[in-house]
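*Asks:* Could you look at this predicted model? Sequence included:
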Amino acid sequence: MQTEIIIAGFGGQGILFAGQVLAYAAMDAGMEVTWFPSYGPEMRGGTANCTVILSDQEIGSPLVKHPQALIAMNAPSLDKFEPLVRPGGVVVVNASLAHRGIERTDVKGIEIPANHIAEELGDRRLANMVAVGAMLTLLPVLEMDQVKQALRDHLPERRRNLLEPNMRALDAGAAYAREHAVLSS
């Protein structure tokens, strides 16, 4: 089984970090993994996205045309990548920054106010993990405990103060998705 995920937004939203956490969790679980970042030259505010592929077999290419899942952290990312998600896939939209909903009716989806939830948790930088928690609820390719362990094992020392908040953000995103997800028709 191979699962392809695109996480997209703008620089400063933790897009690449969210992909790394998923990649580390899968790698630690013995899966084959690719993590392929793409970003503009700007430090913050430019486009950023990454592709994560998780598989129980060797991965032929890190390139993805039709991902099984999309996390769109802003409107331009939703516009660009929503049409590419394969039918039956998963779309997670940060409703705090995307000013439209999911237009596809052939996917599972959640429009989650990730920034708002992160602010309620005390740190707007947690929006990425809120979205990851929501995605893992709709697409359980990894156990939440595996992702939390990856955070414990791979979070840089300078960011250790964010370990528990990141775990709470994962749980908050998962709880929101369980309550509000829209399943495909």
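*Replies:* Yep, that arrived. Numbering: from 1, shown residues only.
*Asks:* can we go C-alpha only for contacts and neighbour counts from here?
*Replies:* Will do.
*Asks:* Verify the stated contact: His116 with Ser96.
*Replies:* Yes. Contact criterion C-alpha atoms under 8 Å: His116 and Ser96 qualify, at 6.6 Å.
*Asks:* Secondary structure class of Leu22, three-state.
*Replies:* helix (DSSP: H, G, I helix; E, B strand; the rest coil).
*Asks:* Hmm, it is touching Val147, no?
*Replies:* Yes. The criterion here is C-alpha under 8 Å, and Leu22 meets it with Val147 at 6.5 Å.
*Asks:* pLDDT below threshold where in this structure?
*Replies:* Filtered on pLDDT under 70, the chain yields the residue ranges 41-45, 182-185.
*Asks:* where along it do the helices fall?
*Replies:* 15-28, 75-81, 114-120, 127-138, 144-154, 163-180 (DSSP state H).
*Asks:* Between helix 127-138 and the last one, find me the angle.
*Replies:* I take that to be helix 163-180. Inter-element angle recorded for helix 163-180 and helix 127-138: 50 degrees (by axes from the mean of the first three to the mean of the last three C-alpha atoms, to 10 degrees).
*Asks:* Give me the contact list for helix 163-180.
*Replies:* Helix 163-180 is contacted from outside by 110, 112, 114, 117-118, 121, 126-127, 129-138, 144, 148, 151-152, 155, using C-alpha atoms under 8 Å, 6 or more residues apart in numbering.
*Asks:* thinking in terms of the whole chain, how far from its middle is it?
*Replies:* Remark: helix 163-180 is offset 12 Å from the chain centroid, using C-alpha atoms, centre = their mean, to the nearest Å.
*Asks:* buried stuff in it?
*Replies:* With burial defined by 16 or more other C-alpha atoms under 10 Å, the residues of helix 163-180 counted as buried are 163, 165-174, 176-177.
*Asks:* Same question for stretch 7-18.
*Replies:* Buried residues in stretch 7-18, defined by neighbour count with 16+ other C-alpha under 10 Å: Ile7, Ala8, Gly9, Phe10, Gly11, Gly12, Gln13, Gly14, Ile15, Leu16, Phe17, Ala18.
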